[in-house]
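Peer 1: I would like to see how this sequence folds:
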Amino acid sequence: MENNLPKITTKGTEYLRLQYPSLSHLEAGNIAQWLQERKDQLFEMARASENEADMTRVLGLLAGGIGAVCYAVNPLAIVGGLIGGAAWLWFVLEHSNRTKEIAPIPFVRGNFVDAIARAGDYDTRSNYQADHLANTVKFLERHEAEEYAFLLAEFENIGQYLTQVEPGKRFYAYRWMFGWFGKLKGRQLPTYQSMALHLQDVTIDSRVNRSEISAIAQAQTQLPPTVDIKQFQSPQVDIRHTHQASELSRPEELQPSANGLVPETITHLPLANRANALIAALTKSGFQIEDMMSSQVIAIAGTQRGGKGTLAAILATLSLALDSGLNTQYFTAGVDVYPFSCNLISALKYPEKDADGADKLVARDLLKFLKGLDGSEPYSHKNLLLVIDEAMRLLSLLDESDRTWAIQYLLSRFAKCGGTLIIVLHGSNLTSVVGKATAGLADTFKQSVNFIGCVAQSVSAGGLRKINVASGEYFKANPNNFAEPVNGGNLGMIPDWLKIELHPGNGQPDPARTLLKFFPELVQHHEPAVMPRGEKIAPDDAVNQLESIFSKPTQEVEIAEIEFVSISLADLSQILNIVTSAVTTPVSFAAIRNSRKWGEDKPSVRYLRSAIAQLIESKQLNGSEKLGFTAF
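Peer 2: As a prediction, this is how the structure comes out:
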């Protein structure tokens, strides 16, 4: 009956699947081996293509040279020379079209001019040798080169994803991930949840060889190792068996149940092992903590008193426990702060200001911090964890232009700094957060941000009075409606064993403070800043005036250093064009220099400073490198 079913493939596509290692091994579960085989296959294809390219150039140049030399002896020799020269020229043009490199000489990789420069530069030669693998892969066709980059960058993640996919859908899932890797320009993979939701609508491939898959699965046996590799593995912590010596007879008390898990059972472990143990226990309890941290930008959204700040504190604490070198920057309005270790910027920093005045200064500090990130080199803050609580309160205190810039930066460019952002949003949907001014960023925000929603519940406060508290339940939220979970997006509920400590304000269970009992070395009590007696915080206008005064000598030095540099009128016009067409002002020095309007010929720092100085002198630009630039 199956033989009479029509094939889904065409004559033009049947051969494509034959180019891969046996798909039956992939579907049967030999995932890591199959991925490694495909990676090796692509590299061997690149080496063979490189050898063919070298041979083409050798024969082409040889034939062209012989034809030119022997033309006087035999006029027909010029025909062979022309054919050889055409083959050589074809390769040079084809390779240049694919890699943007001119490589006319055999066995010399990269641009010919660069190869000459390498001859006298030790550092350049060292970098060239270090890039040997990447230069070999360049000889693949573009699609195959992208697949090799996909395997090289995401090998472990691909294996973890495919392990959880049912047999018969794994090759499709592999191609689906590769497609998204190309769409996202290699920045990241889609989340496992998005793949699982997509695969719900995908049927098992009718072309799989079921008998072959079954035979391979049955043949998979564990051979006894020559060396016991377990002796080289890091000790794995199982929360169910972690206990003090006096409790060896009661292992059931260590189960992550309502009253079983207590800090005394694991506080003797190293910090990272403790964090892994807590994550394993939370996952076993149904709380999907790892899924919550599956993106570079995590937005915890919803209504008041839903547990957004609690979850942000839990994620930040576990992240710091796993990586002691993490730089945790925490910005929040007000003074209700969880006592975990971080660099806190809150109203506690300005004790002599009222609530509104202190929050305004915190918002100003946040803006300056984001400006600094925007002016840094890409991926230079990989150890940064930025937590912004009460984000809408802080952003609302900024001027409209600064607020628009901050929202745009957080939604579209923060990820380029390399850090991780946890932002707490109060609102019902994306429009209420982004607003009309940045509505064009909405689709990008939806794709790149992991939205987490929460649920509040009403409890008695005595008599007929009720108060709203967090229920401890979280879900993947729909960006168009934060109160609505996506299909299959349940992230679980905080288990009861993490609700022992009480919040000092409302007397309700406090999971964040309970978690800190497992990490006493990460506790940091945040107190109001102490100012010297009689000292006052300067008003905003005075601070800005002082900053502008201190920026003037720097500007004069820059002008004096570069007054002899010749600047073209076209570059001066380009700088004015960049500043006047910017979405937000003032425009930073880094933003002007890195603008796409320059193309591939980005000006040097010295040259750009000279040009800007001339524009300032001619009253066409205003500002400084510290404050940014605006056009008159």
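Peer 1: which secondary structure elements does the longest helix along the chain contact?
Peer 2: In the chain, with assignment by DSSP state H, the single longest helix is helix 31-69. Judged by 3 or more Cβ pairs under 8 Å, 6 or more residues apart in numbering; DSSP states H and E, helix 31-69 is in contact with helix 23-28, helix 77-99, helix 132-137, helix 142-163. Every residue, glycine included, has its C-beta placed from N, CA and C.
Peer 1: hey, which of those helices is tucked in deepest?
Peer 2: Most buried of these, by mean neighbour count (mean count of other Cβ atoms under 10 Å): helix 23-28, with a mean of 22.
Peer 1: and that helix, what does it pack onto?
Peer 2: Using 3+ Cβ pairs under 8 Å, 6+ apart as the contact test, the elements touching helix 23-28 are helix 31-69, helix 170-183, helix 210-219.
Peer 1: Can you identify the element that follows the shortest one toward the C-terminus?
Peer 2: From helix 210-219 onward toward the C-terminus, using DSSP states H and E, the following helix or strand is helix 271-284.
Peer 1: residues of that next one that come out buried?
Peer 2: 271, 273-282 (16 or more other Cβ atoms under 10 Å).
Peer 1: Lowest mean pLDDT across the helices and strands packed on helix 31-69, which one is that?
Peer 2: Lowest mean pLDDT of the helices and strands packed on helix 31-69: helix 132-137, a mean of 65.
Peer 1: those helices in the stretch 251-400 of the chain, which residues are they?
Peer 2: For the stretch 251-400 of the chain, the helices defined by DSSP state H, counting those that start in this stretch occupy 271-284, 289-292, 308-322, 355-374, 391-396, 400-412.
Peer 1: Ranking those by mean neighbour count, which comes first?
Peer 2: Of all these, helix 308-322 carries the top mean neighbour count, a mean of 23, counting by mean count of other Cβ under 10 Å.
Peer 1: okay, and for the stretch 501-632 of the chain, where does confidence drop off?
Peer 2: 506, 529-565, 583 (pLDDT under 70).
Peer 1: Apply 80 and report the result again.
Peer 2: 503-508, 527-566, 581-585, 596-597, 599-602, 625-627, 632 (pLDDT under 80).
Peer 1: Can you say which of the helices and strands packed on helix 23-28 is nearest to Val579?
Peer 2: Evaluated over those, closeness to Val579 peaks at helix 170-183, with 32.7 Å, by Cβ to Cβ.
Peer 1: Run through the residues that contact the residue lying closest to Ala217 once chain neighbours are set aside.
Peer 2: Excluding the flanking residues, the one nearest Ala217 by Cβ to Cβ, 6 or more residues apart in numbering is Ala28, at 4.5 Å. For Ala28, the contact set (Cβ atoms under 8 Å, 6 or more residues apart in numbering) comprises 167, 213-214, 216-217, 220.
Peer 1: what's near enough to touch the residue nearest the centre of the chain?
Peer 2: For the chain, Gln296 is the residue whose C-alpha lies nearest the centre (Cα atoms, centre = their mean; 4.6 Å). By Cβ under 8 Å, 6+ apart, Gln296 lies in contact with 188, 415, 419-421, 448.
Peer 1: Now do the phi/psi pair for it.
Peer 2: The phi/psi pair for Gln296 (degrees, to the nearest 10) reads phi -80, psi -20.
Peer 1: Now do the same for it: its pLDDT.
Peer 2: Predicted confidence (pLDDT) for Gln296: 86.
Peer 1: The nearest residue to Leu373 once chain neighbours are set aside and Ser588: what is the separation?
Peer 2: Distance criterion Cβ to Cβ, 6+ apart; nearest residue to Leu373, sequence neighbours excluded, is Cys417 at 4.9 Å. Distance from Cys417 to Ser588, counting by Cβ to Cβ, to the nearest Å: 14 Å.
Peer 1: ok, those two, which is more surrounded?
Peer 2: Each of Cys417 and Ser588 has its neighbours counted (other Cβ atoms under 10 Å); Cys417 has more, 23 against 20.
Peer 1: what's the spacing between that one and Leu16?
Peer 2: Distance, Cys417 to Leu16, by Cβ to Cβ: 40 Å.
Peer 1: Would you format the helices and strands packed on helix 23-28 as JSON lines with mean neighbour count included?
Peer 2: Below are these laid out as JSON lines (neighbours: other Cβ atoms under 10 Å):
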{"stretch": "helix 31-69", "mean neighbour count": "16"}
{"stretch": "helix 170-183", "mean neighbour count": "18"}
{"stretch": "helix 210-219", "mean neighbour count": "13"}
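Peer 1: Just the closest of the contacts of Ala28 to Leu515, please.
Peer 2: Of all the contacts of Ala28, Leu515 sits closest to Pro167, with 38.9 Å by Cβ to Cβ.
Peer 1: right, and Glu212 touches Leu26 too?
Peer 2: No. Using Cβ atoms under 8 Å, Glu212 makes no contact with Leu26, being 11.5 Å away.
Peer 1: how near is Thr332 to Ile422?
Peer 2: Distance of Thr332 to Ile422, given as Cβ to Cβ: 11 Å.
Peer 1: what sits in contact with each of the two?
Peer 2: In contact with both Thr332 and Ile422: 387-388, using Cβ under 8 Å, 6+ apart.
Peer 1: Spell out which residues sit in contact with His25, please.
Peer 2: His25 makes contact with 33-34, 216 under the criterion Cβ under 8 Å, 6+ apart.
Peer 1: Pull the distance from stretch 513-522 to the chain's centre.
Peer 2: When C-alpha coordinates are averaged (Cα atoms, centre = their mean, to the nearest Å), stretch 513-522 and its chain have centres 28 Å apart.
Peer 1: Actually, stretch 59-70.
Peer 2: Centre to centre, stretch against its chain (Cα atoms, centre = their mean), the figure for stretch 59-70 is 52 Å.
Peer 1: which residues sit against stretch 5-24?
Peer 2: Here stretch 5-24 makes contact (Cβ under 8 Å, 6+ apart) with 34, 37-38, 41, 171, 206-209, 212-213, 216.
Peer 1: pLDDT weak spots in the stretch 101-250 of the chain?
Peer 2: Ranges of the stretch 101-250 of the chain meeting pLDDT under 80: 101-139, 185-189, 192-193, 217-250.
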